[in-house]
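*Asks:* Let's see this in three dimensions:
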Amino acid sequence: MRRVYLILFCCSLFIACGSEQNIRKEPENLISKQDFTSLLVEMQLIEAAHAKGFFRDKDSTSTIEVQYANLFGKYQITKEDFEDNLEFYYDFSGQMEEIYNDVLNELVKQEAQLKEIKK
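*Replies:* Residues are numbered from 1 along each chain as shown. Coordinates of the predicted model:
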């Protein structure tokens, strides 16, 4: 009988500890879903510009690190705030797929606008 109680106690302890890890509070500096989407759009544009070679001079003020620092400053966040928000939206709020779809839609929209301007 003691074994049964011990096993039940251990199982209860594991369940309690496991559920505690899944409870996550919002980050202290929570970025709204709309702003987070806009931030990710701008990050993708920075990455695309870097991939296309627009940031050639490593000593210039247009390096990718400076661009990210400026972007984080625009949204009044730190790199750690960004990472906390990314983790929150990805792991705990279940909204990341929707956010990525919104990012993709915005990038497609901007691409279409640029093609219209080039005509």
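*Asks:* which is the next helix or strand following the helix or strand bottoming out on mean pLDDT in the chain?
*Replies:* Using mean pLDDT, DSSP states H and E, helix 2-22 stands out as the lowest-scoring helix or strand of the chain, at a mean of 46. Per DSSP states H and E, helix 2-22 leads on to helix 33-51 as the next helix or strand towards the C-terminus.
*Asks:* The helix or strand that comes right after that following helix: which residues count as buried?
*Replies:* Using DSSP H and E, the helix or strand that follows helix 33-51 in sequence is helix 64-74. For helix 64-74, burial by neighbour count (16 or more other CB atoms under 10 Å) applies to 67-68, 71-72. Heads up, the C-betas are built off the backbone N, CA and C, glycines and all.
*Asks:* Just the CA atoms of the longest helix along the chain, as PDB, please.
*Replies:* For the chain, the helix with the greatest residue count under DSSP state H is helix 96-118. These are the backbone C-alpha positions of helix 96-118, laid out as PDB (Å, rounded to 0.1, in the frame of the first residue of the first chain):
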ATOM      1  CA  MET A  96       3.300  32.700 -34.600                       C
ATOM      2  CA  GLU A  97       1.900  31.000 -37.700                       C
ATOM      3  CA  GLU A  98      -0.600  33.800 -38.100                       C
ATOM      4  CA  ILE A  99       2.100  36.400 -37.600                       C
ATOM      5  CA  TYR A 100       4.300  34.700 -40.200                       C
ATOM      6  CA  ASN A 101       1.400  34.600 -42.700                       C
ATOM      7  CA  ASP A 102       0.800  38.300 -42.100                       C
ATOM      8  CA  VAL A 103       4.600  39.000 -42.600                       C
ATOM      9  CA  LEU A 104       4.500  37.100 -45.900                       C
ATOM     10  CA  ASN A 105       1.400  38.900 -47.100                       C
ATOM     11  CA  GLU A 106       2.900  42.300 -46.300                       C
ATOM     12  CA  LEU A 107       6.200  41.400 -48.100                       C
ATOM     13  CA  VAL A 108       4.200  40.200 -51.200                       C
ATOM     14  CA  LYS A 109       2.200  43.400 -51.100                       C
ATOM     15  CA  GLN A 110       5.300  45.600 -50.900                       C
ATOM     16  CA  GLU A 111       6.900  43.600 -53.800                       C
ATOM     17  CA  ALA A 112       3.800  44.200 -55.900                       C
ATOM     18  CA  GLN A 113       4.000  47.900 -55.100                       C
ATOM     19  CA  LEU A 114       7.600  48.100 -56.200                       C
ATOM     20  CA  LYS A 115       6.800  46.300 -59.400                       C
ATOM     21  CA  GLU A 116       4.100  48.900 -60.100                       C
ATOM     22  CA  ILE A 117       6.600  51.700 -59.500                       C
ATOM     23  CA  LYS A 118       9.100  50.200 -61.900                       C
END
